[in-house]
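In: Compute the structure for the input listed below.
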Amino acid sequence: QAEVEALLKKRIEQGQADTPQLKQSVRDSLIHRELIIQDALKKGLDKNPEVAMQIDMAKQDVLVNAFVQDFLKNNPVSDDAVKAEYEKIKAQRGDKEYKARHILVDKEADAKEIIAQLKKGAKFEKLAEKSKDPSKNEGGDLGWSPASSYVKPFADAMDALKKGEYTKEPVQSQFGWHVIRLDDIRSMPAPPLEQIKPQLAQHMQQQIVEKAITDLRAKAKVE
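Out: Residues are numbered from 1 along each chain as shown. Reported below is the predicted structural model:
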């Protein structure tokens with residue numbers, strides 16, 4: 001009966017209607033499964049090494065899930081914690097979105113030469129063909145993104161530009177040397193907390209579970 005109730009609850013959560021037909025279907029499914037299991041055991045299939053390994057792995061999956069559920073029950077993510085994380089992400093993300101282009105090269109001298117050509121009236125999109133970034137196929141266009149999407153040297157240089165300007169000096173990052181042009185800026189209001197609260201809470205739960213696992217490994221002897 002406990003198995004019937006558990007499977008019935010799962011089916012209802014998946015969107016099936018709670019009807020007498022569903023209850024009968026669940027009951028029949030469990031009966032068929034039990035008959036198959038009994039016959040499999042009579043044939044000794046559980047002694048097959050591959051089957052035994054799969055049974056052990058299924059047991060491990062159940063225990064891992066039980067650990068996670070128990071840990072989250074005893075270490076819940078509070079509404080205050082979710083709100084604090086939301087404010088932190090919102091501050092990091094900023095309230096502006098930038099539409100920029102860039103040309104990425106390996107040498108500073110090459111970047112300076114590109115800037116010199118721009119000063120002479122060369123088209124940025126044409127010079128972008130020299131870039132080693134895939135965006136060269138779109139004239140260096142990076143689309144719309146917040147500054148936080150870029151590495152700090154790039155973001156700082158881009159944020160200092162006005163619409164239509166390009167960097168007068170090469171910008172170095174771990175990827176090479178950039179020449180950046182800012183095409184446009186627009187406001188980017190953050191989504192309301194209530195809209196993203198479930199996803200944010202789930203992400204935070206994953207983080208604390210991962211930390212718990214890291215702590216377990218730190219204490220364990222792994223050979």
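
In: Just read off the phi/psi values of the residue lying closest to K23 once chain neighbours are set aside.
Out: Nearest residue to K23 in three dimensions, chain neighbours excluded: L8, at 6.3 Å (C-beta to C-beta, 6 or more residues apart in numbering). (C-beta placed from N, C-alpha, C; glycine too.) Main-chain torsions, L8, degrees, to the nearest 10: phi -60, psi -40.

In: Same question for D133.
Out: phi -90, psi 140.

In: What of A17?
Out: Dihedral angles (degrees, to the nearest 10) for A17: phi -80, psi 140.

In: how close does it get to Q24?
Out: 13 Å (C-beta to C-beta, to the nearest Å).

In: got it, and E169?
Out: 76 Å.

In: And for I55?
Out: 29 Å.

In: strands paired with the strand or helix carrying L142, and their directions?
Out: Element membership for L142, per DSSP states H and E: strand 141-145. Strand 141-145 pairs in its sheet with strand 96-105 (antiparallel), by DSSP bridges.

In: who's in contact with the partner strand?
Out: 111, 114, 124-125, 127-128, 130-133, 135-136, 139-147, 154, 158-159, 175-188 (C-beta atoms under 8 Å, 6 or more residues apart in numbering).

In: Buried ones in stretch 74-83, by neighbour count?
Out: Residues V77, V82 are the ones in stretch 74-83 that count as buried (16 or more other C-beta atoms under 10 Å).

In: Quick one: end-to-end distance for that stretch.
Out: 20 Å (C-alpha to C-alpha, to the nearest Å).

In: What helices and strands are in contact with the one helix or strand K83 maps to?
Out: Using DSSP H and E, K83 maps to helix 79-93. Judged by 3 or more C-beta pairs under 8 Å, 6 or more residues apart in numbering; DSSP states H and E, helix 79-93 is in contact with helix 193-219.

In: So which bits of the helix it packs on are buried?
Out: Quick answer for helix 193-219 (16+ other C-beta under 10 Å): L200, A201, Q205.

In: Tell me which helix or strand comes right after the strand holding L142.
Out: helix 152-159.

In: Please pull up the helix or strand immediately following that next one.
Out: Assigned by DSSP H and E, the successor of helix 152-159 is strand 171-173.

In: Which is the succeeding secondary structure element to that following strand?
Out: Downstream of strand 171-173, the next assigned helix or strand under DSSP H and E is strand 176-187.
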